[in-house]
Structures are given as C-alpha cells and as structure tokens.
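[1] The sequence and its predicted three-dimensional model are supplied below.
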Amino acid sequence: MLDKFFIKDKFDSELKNALRGHNLSVKDKKSDSLYVFTDGTASCTADVSRLRREFLKTGNSEKTEQFVLHIKNEIAMERRMVSFTNAQEFLRFVAVKKDKVTAKMISADFAGDICKVIVCSSDDTTLHYLDESFLKKWAVPKEVMFSAADRNMGRILARIEMNPTFICEGVRAIEPEPECKSLTASLMMCNDFRKAVSRHIGDRFFLIAPSADSLIAFENITPELIKSMGKAVMSKYRSADHPLTTDLLMFTADDVKTAGSFSERKKDS
C-alpha cells in the first residue's frame, strides 16, 4: 500500500514540475484520475490515468511535457469560449449515431442513422461536446455554429491528399487519412467533401464509415466487392472503440442517401 502511495506521489511531483514550467498548476482533484488544471484565470479538467501509467512504466518525462502543452492549449481555448467570435475557430462537427445523440447536444440530421453534432477542440484530437446552453450564451442560431464548424472541417480536408487506388478490377477508391484520426469519418459531412472526392472518382460515388476513424469512398460497386466488403465492414464495426454505421451511403451531385446496409449473414440466408 505504501508503494502505491509513493509511486503516485512521484508522478504528481513530476507533473507539478512540468506544469510550473508553463505557469500552470493543479487547482483540484475530482478523483485519482480527474485533475482540474488552471493558469490562474481559466481552468480545464483532464484524465491523467493514462499519463500516470505511461510514466510509471517508462519513467520518461517526454509524455508529461506533451500532456502539459495539451493542457495549456485546452485552457487557452476555454478562455476564449466566452463568445462565439472568439470561440468559432475551435468548432468542429462529428458524426454520431442517432441513438447516441442526447437532447442537450447541438445536432442536425445527415443521412441514414447518422447525425452531425457540434464539438470544440484545441487540437482536433480531444473533442468536447457543446450543449444547447451555448446557443443562448453566444446568441447565435445553430445554423451559424454549423457554418463555422464546416469552414474549419474544410481546412482539415484541404490538407489531405486524395490519392485514388484500385481496390479491385474497375473500382477506384479514396481513403482519406487526416492527422486527426478521430475526425476521419466526420469529414464526409463537410460541404467541400463531395467536390474533393468527385474530381477523382466521379459525381456519384459510394461510401462506408464503420467507425469514427475510418472512411472509404469508391466509384462503383460490384457483387464481388459487396461480398468482401461486408465482412470487413462488420468486423471493423464490431471491434471499433467508436462504431458508427454499417450503412452503404451513396453520394450524388446534390444528395446523400442510404443505398443499403451490411448486417450479420444468417446461416439460412
């Protein structure tokens, strides 16, 4: 028991030293894992459990420094969340299954069983859902928030190289790989997405997004492709930390709709 205490104390000392170097400190501890950090004027809450495990395993302070820089960015964002004008650069939207959308989320329908939901982020990795209280606080309609989020998503999309490859005979596909993996599937909801993809594989294309961090767009479908793709989609959907949809989506020049859905194959079918 004493060993655990001293190990925890060593981690806390390392963390406090790193924070001090950036004029930050621990304001409060909500639990052994949730710490409240502050720069004296603004604060943020973060989970330190993964960082603690990493430090105790390796004794390396590099991850601690990276974590503190992240906290510094989170607090800087928090300070600017007082108004829409100051906060809009941090707005993004994410793809969420309809049955996971809560009443307090700022959401809009997209296609099939997918909604887009407003979040904010200082690094495009840690995402914070905004609740409807921000609509009143900032005195803006949600359409304005989605417009700002779309501009920011468009900037992320613009940094990605769209390189079509053949996934089978006669079928080219594009698999966008942004640096921010957690926003991969959400890019399909960006207004610039259809144009960015269609210039390579045509105005009509199909898309699968079984998880939040995976997305493949392809120009047409064949029976062989559907057969092999079904297994891959279901496997990814079942194993994903953040499963999204088993639907096959079809993008056209002015619409997005569900073209079908993959499911478990029954023995008698």
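    Structure received.

[2] Can you show me the strands along this structure?
    Residue ranges of the strands in the chain, as given by DSSP state E, are 25-29, 34-38, 43-47, 91-97, 107-111, 114-120, 128-129, 165-168, 171-174, 205-208, 216-218, 247-251, 256-261.

[3] got these as CSV, with mean neighbour count, mean pLDDT and distance to residue 54 columns?
    C-beta here means a position set from N, CA and C on the backbone, and glycine is covered the same way. Conversion of the strands of the chain to CSV gives the following (neighbours: other CB atoms under 10 Å; pLDDT from 0 to 100; distance: least, CB to CB, whole Å):
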stretch, mean neighbour count, mean pLDDT, distance to residue 54
strand 25-29, 13, 93, 18
strand 34-38, 18, 95, 15
strand 43-47, 17, 93, 13
strand 91-97, 23, 97, 26
strand 107-111, 17, 95, 35
strand 114-120, 23, 97, 25
strand 128-129, 16, 96, 23
strand 165-168, 12, 84, 35
strand 171-174, 20, 90, 35
strand 205-208, 23, 94, 34
strand 216-218, 22, 93, 32
strand 247-251, 20, 94, 37
strand 256-261, 14, 90, 40
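
[4] dump the residue contacts of the residue nearest to residue 228 when sequence neighbours are not counted.
    Nearest residue to residue 228, sequence neighbours excluded (CB to CB, 6 or more residues apart in numbering): residue 168, at 7.9 Å. For residue 168, the contacting residues are 222, 224, 225, 228, taking CB atoms under 8 Å, 6 or more residues apart in numbering as the criterion.

[5] Can you list which of those residues are found in helices?
    Counting by DSSP state H, these place 224, 225, 228 in helices.

[6] Buried ones among those?
    Buried positions within those, assessed by neighbour count (16 or more other CB atoms under 10 Å), are residue 225.

[7] Flag the shaky bits of the stretch 1-150 of the chain, pLDDT-wise.
    Per-residue confidence for the stretch 1-150 of the chain (pLDDT under 70) gives these ranges: 1-8.

[8] ok, which stretches of this structure are helices?
    Counting by DSSP H, the chain forms helices over residues 2-20, 49-58, 62-80, 84-87, 133-138, 142-158, 193-201, 223-239, given from the N-terminal end onward.

[9] Does residue 116 touch residue 185 like I think?
    No: the criterion here is CB atoms under 8 Å, and residue 116 misses it with residue 185 at 10.7 Å.
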